[in-house]
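In: Following is a predicted model, sequence given first.
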Amino acid sequence: MTKRHRSRFLLVRLGAQNVGRRLLRSLLLGMAVMIAVGVVFSGFVTGWSLREGILTTFSRMGADLVVVPHGALVNITSTLLTIQPTDLDLDAALGDKLRAVPGVAKVAAQHLIRASVEGRAINLIAYDQATDFTVESWLPAGEKPVAATGGLLVGERVALKTGEALTICGRSLVVTGRLGRTGVGPFDESYFISFSALDELVAAIRARPAHIPVHPPASSPSEGVDATHHDHAAGRPECLPSIAQDRVSAFLLQLSPGASAEQARFAIGQIPAIKIVTGNPIFTAARQSLGSLFWGVAIFAGLLMLAIFFLVSLLFSAILQERYREIGVLRAMGARPAQIISITLIEAGLITGFGGLLGIGAGFSLIFIFARSLGFYFSSLGVPFDAPPAGIIWIAAGAAALCGVAIGVGGAFVAAWRTRRLEPYAMIQMESAR
């Protein structure tokens, strides 16, 4: 063992011995760090779960704004803002303009199609899985979203069960999930498909030989009325009407935190031939305030850690004052100020490190208690309480423990830094060293 290694080993040994000199004090400091780390860690995981669950719940409230063609009907309820069946559509490129509007956070396009299955009309709603925030959020907890191709979601009132197939124009689509009850008839009675699956369905139909068209009623339509639209209104739509890939029925908009619905409406209102419908302002304000709530929890955790920092600094200031005579003797024997500081930091690191490890265990215990009490309560209210991914949990645990150690070492460093300015003889003669 080299001289440098022996010196480091001696410093670690002295630091470990100092931990045991006042064992009760060391345990109490470790417990303070344990509580802080456990609260911060469990608060992060619980806050993550609640935030995601509440965001999912508010996503179920639909959009803050809906942009539809002028003349289209929109269903407004206290639960969900969604488009009514319509033959009118918009250019899909309009979505890029809407995303550029200040205050607009998310834009999700939907295309509502009146299709025919076994002689009856159904609402087939195509949506973009990459931008959706109102359809798949209604899936029960634990269910995966609809597959990109060949999958179908159904509303709560649809009789089909998961695993059954629906045949549209000779092509079978398997039901991969059932949405929860929204209380909105057009939504609960609809079938949902991704845009990519709709494109494949249209391509497969176009590849087949032309089928016999559905004839209009015996009475000829009135002058000026589109025959296809009249046929839909009569409840006899084609198997699948002609669909343009660059057209959509509506754009659902979600505002960013702090954004004003009136300002967004004014900016979007400059676009011609559209209608803007506003959702429930209470839900919009509540969802936007979630970010402030999360930051409030983060600030509380920061203040808790800051309190531990002051506690450690104050405690080690008292510890070092008790050891002034001992430190003065070590300095007189040739110990450098940096070595004295290192001994103090090692002692603080051992205490706070042990407290941090215990804090992780305490945090997992608190998370378990929260999940079995608060989690069940929120689940009964329909708010999911799902834990973050395992990787996020372990990263949070490690970060909380390292933060506790860093705060302990930092507080001890502030207290130990003063000792380097004092002369050895002055420290030996100090009355406070008795």
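Out: Sure, I can see it. None of these values were measured; they are calculated from a predicted model.

In: just how off-centre is the longest strand belonging to the chain within its chain?
Out: Secondary structure of the chain per DSSP state E: the longest strand is strand 104-117. Here strand 104-117 shows a centroid-to-chain-centroid distance of 24 Å under the convention C-alpha atoms, centre = their mean, to the nearest Å.

In: Against which helices or strands is it packed?
Out: With contacts defined as 3 or more C-beta pairs under 8 Å, 6 or more residues apart in numbering; DSSP states H and E, the secondary structure elements packing on strand 104-117 are helix 94-99, strand 120-127, strand 165-168, helix 195-207, strand 247-248, strand 250-255. Backbone N, C-alpha and C define where each C-beta goes, glycine included.

In: so what strands line up beside that strand?
Out: For strand 104-117, the pairing partners within the sheet under DSSP bridges are strand 120-127 (antiparallel), strand 250-255 (antiparallel).

In: Which positions within that strand qualify as buried?
Out: Of all the residues in strand 104-117, those buried under the rule 16 or more other C-beta atoms under 10 Å are Val104, Lys106, Val107, Ala108, Ala109, Gln110, His111, Leu112, Ile113, Arg114, Ala115, Ser116.

In: what do you get for stretch 352-372?
Out: For stretch 352-372, using 16+ other C-beta under 10 Å, the buried residues are 352-360, 362-364, 366-367, 370-371.

In: just curious, which of those residues is nearest to Ala261?
Out: The shortest distance between Ala261 and any of the buried residues of stretch 352-372, using C-beta to C-beta, involves Phe370 and amounts to 34.3 Å.

In: what helix or strand does that closest one sit in?
Out: With secondary structure defined by DSSP states H and E, Phe370 is part of helix 337-372.

In: tell me the mean pLDDT over that helix?
Out: Looking at helix 337-372 alone, the average pLDDT works out to 88.

In: any weak-confidence spans in the stretch 51-200 of the chain?
Out: Under the criterion of pLDDT under 70, the regions of the stretch 51-200 of the chain flagged as low confidence span 53-62, 73-86, 141-150.

In: Could you pull up the contacting residues of Gly353?
Out: Counting by C-beta atoms under 8 Å, 6 or more residues apart in numbering, Gly353 makes contact with Ala401, Gly404, Val405, Gly408.

In: Now with 6 Å, please.
Out: Taking C-beta atoms under 6 Å, 6 or more residues apart in numbering, we find Gly353 in contact with Val405.

In: same question, Ala348
Out: Applying C-beta under 6 Å, 6+ apart, one finds that Ala348 lies in contact with Gly408, Val409, Ala412.

In: helices or strands next to the helix or strand Pro186 falls within in the packing?
Out: Assigned by DSSP H and E, Pro186 belongs to helix 185-188. Contact here means 3 or more C-beta pairs under 6 Å, 6 or more residues apart in numbering; DSSP states H and E; on that basis helix 185-188 packs against no helix or strand.

In: Okay, buried residues for that helix please.
Out: Counting neighbours by 16+ other C-beta under 10 Å, helix 185-188 gives Pro186, Phe187, Asp188 as buried.

In: can you check stretch 265-273 too?
Out: Arg265, Ala267, Ile268.

In: Contacts for it next, please.
Out: His70, Val101, Ile276.

In: which of those residues tops the neighbour count?
Out: When the contacts of stretch 265-273 are compared by neighbour count (other C-beta atoms under 10 Å), Val101 ends up highest, at 20 neighbours.

In: measure the residue nearest the centre of the chain to Gly180 for me?
Out: Taking C-alpha atoms, centre = their mean, the centroid of the chain lies closest to Glu52, which sits 4.3 Å from it. Applying C-beta to C-beta, to the nearest Å, one obtains 17 Å for the distance of Glu52 from Gly180.

In: if we can go back for a sec, now that we have the strands paired with strand 104-117, can you turn them into a markdown table and tack on mean neighbour count and distance to Ser242?
Out: As requested, the strands paired with strand 104-117 are exported to a markdown table (neighbours: other C-beta atoms under 10 Å; distance: least, C-beta to C-beta, whole Å):
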| stretch | mean neighbour count | distance to Ser242 |
| --- | --- | --- |
| strand 120-127 | 20 | 14 |
| strand 250-255 | 26 | 19 |
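
In: closest one to Arg206 among these?
Out: Between Arg206 and the strands paired with strand 104-117, the tightest spacing by C-beta to C-beta is seen for strand 120-127, at 16.3 Å.
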